[in-house]
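*Asks:* Prediction below, plus the sequence it came from.
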Amino acid sequence: MSRGLPKQKPIEGVKQVIVVASGKGGVGKSTTAVNLALALAANDSSKAIGLLDVDVYGPSIPKMMNLKGSPELSQSNLMRPLLNYGVACMSMGFLVEETAPVVWRGLMVMSAIEKLLRQVDWGQLDYLVVDMPPGTGDVQLSVSQNIPISGAVIVSTPQDIALMDAHKGAEMFRKVHVPVLGLVQNMSVFQCPKCKHKTHIFGADGARKLAQILDLDILGDIPLHLNIREASDIGQPIVFSQPESDEARAYLRVAAEVV
Ligand code: ADP
């Protein structure tokens with residue numbers, strides 16, 4: 001467990017922060033973050049779980065968690081997270097109109113991040129899962145340098161281009177002394193619902209090979225499955241809506257590996 005850099009300040013009331021990151025966009029990072037948060041809650045109901053979306057340019061947690069509206073303010077002027085499926089959520093998406101173009105640059109993004117990190121009344125949380133933006137930019141660095149992070153989960157498809165970027169992501173976390181908990185290989189296999197034939201659309205074992213190179217664990221393999229996409233799109237993530245399915249079990253196993 002990392003003790004963090006000297007200027008890092010813990011988020012009040014939050015015991016452990018787990019960031020979910022990816023090198024590339026569209027590999028299933030947010031889907032993993034949401035289902036990981038729900039799986040942590042499902043695996044141990046005594047734990048209080050939060051989900052923070054700092055993917056400021058493309059916040060998708062509100063839709064995936066079926067939440068809208070603006071956070072209320074507490075007496076001390078902190079934003080209260082919105083709650084669904086037993087998970088406390090905060091996202092840039094609650095603070096700006098859904099259709100508003102996100103034209104922030106530089107300082108504006110950083111002040112948004114500052115708000116999301118410091119002006120939320122989480123109460124007491126055992127785990128805060130943070131959905132990072134894709135890549136290795138200022139936001140990722142700023143989050144990593146401002147708060148102590150227990151570990152990073154890196155999501156990648158088995159495709160070479162995604163893996164190259166995942167490699168950079170892992171290196172970045174190592175440079176800022178954030179322990180990398182391991183890789184989640186997403187969309188690793190597609191099974192035809194009719195003939196049951198399995199196809200490795202994005203390649204088979206790419207993340208496993210990268211894990212070997214970087215000496216990291218594979219935290220789980222999530223199949224490419226219609227139910228996962230549909231469940232997210234209607235705001236009823238698979239771990240909540242179909243907890244007995246093989247797809248949900250894959251996320252529950254990842255959650256068990258992470259803690
Ligand atoms: P990212 O956060 O990396 O940009 P998302 O989590 O938004 O990626 O996922 C991109 C798209 O892929 C979404 O439409 C999502 O529902 C879908 N998706 C993610 N993982 C899976 C999966 N394992 N099976 C099917 N669809 C998936």
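*Replies:* Alright, I've got the coordinates.
*Asks:* What's the biggest strand in the protein, counting residues?
*Replies:* strand 14-22 (DSSP state E).
*Asks:* And the next helix or strand past the helix or strand hosting A170?
*Replies:* A170 belongs to helix 160-175 when assigned by DSSP states H and E. With elements assigned by DSSP H and E, the helix or strand that comes after helix 160-175 is strand 180-186.
*Asks:* now for that following strand, which elements pack on it?
*Replies:* Contact here means 3 or more Cβ pairs under 8 Å, 6 or more residues apart in numbering; DSSP states H and E; on that basis strand 180-186 packs against helix 29-43, strand 151-156, helix 160-175, helix 206-214, strand 218-222, helix 246-258. For the C-beta atoms, the positions are set from N, CA and C on the backbone; glycine is no exception.
*Asks:* got CSV for the ones you listed, with mean pLDDT too?
*Replies:* Putting these into CSV (pLDDT from 0 to 100) gives the following:
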stretch, mean pLDDT
helix 29-43, 98
strand 151-156, 96
helix 160-175, 91
helix 206-214, 87
strand 218-222, 95
helix 246-258, 97
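*Asks:* of all these, which lies closest to the ligand?
*Replies:* helix 29-43 (3.4 Å; Cβ to the nearest ligand atom).
*Asks:* now the angle from that closest one to strand 151-156?
*Replies:* Relative orientation of helix 29-43 and strand 151-156, computed by axes from the mean of the first three to the mean of the last three Cα atoms, to 10 degrees: 130 degrees.
*Asks:* Quick one: name whatever helix or strand follows helix 29-43.
*Replies:* Note on helix 29-43: by DSSP H and E, the next helix or strand toward the C-terminus is strand 49-53.
*Asks:* neighbouring strands for that following strand, and are they parallel or not?
*Replies:* strand 87-91 (parallel), strand 125-131 (parallel) (DSSP bridges).
*Asks:* Residues in contact with it: which ones?
*Replies:* Residues from elsewhere that reach strand 49-53 (Cβ atoms under 8 Å, 6 or more residues apart in numbering): 14, 30, 33-34, 37-38, 40-41, 59-62, 65, 81, 86-93, 116, 120, 122, 125-131.
*Asks:* tell me the angle the helix holding A170 makes with strand 151-156.
*Replies:* 170 degrees.
*Asks:* Now do the contacts for Q124.
*Replies:* 13, 48.
*Asks:* Centroid-nearest residue for the protein?
*Replies:* Geometric centre of the chain, nearest residue: A33, 2.9 Å, by Cα atoms, centre = their mean.
*Asks:* Could you double-check that it sits in contact with P133?
*Replies:* No. Taking contacts as Cβ atoms under 8 Å, A33 lies outside contact range of P133: 11.6 Å.
*Asks:* Not counting its neighbours along the chain, what's nearest M187?
*Replies:* Leaving aside its chain neighbours, M187 sits nearest to L224 (4.0 Å; criterion: Cβ to Cβ, 6 or more residues apart in numbering).
*Asks:* Number of residues surrounding that neighbour?
*Replies:* L224 is flanked by 19 other residues according to other Cβ atoms under 10 Å.
*Asks:* Tell me the confidence at it?
*Replies:* Per-residue pLDDT puts L224 at 96.
*Asks:* show me what contacts it?
*Replies:* Counted by Cβ under 8 Å, 6+ apart, L224 has contacts 186-190, 201-202.
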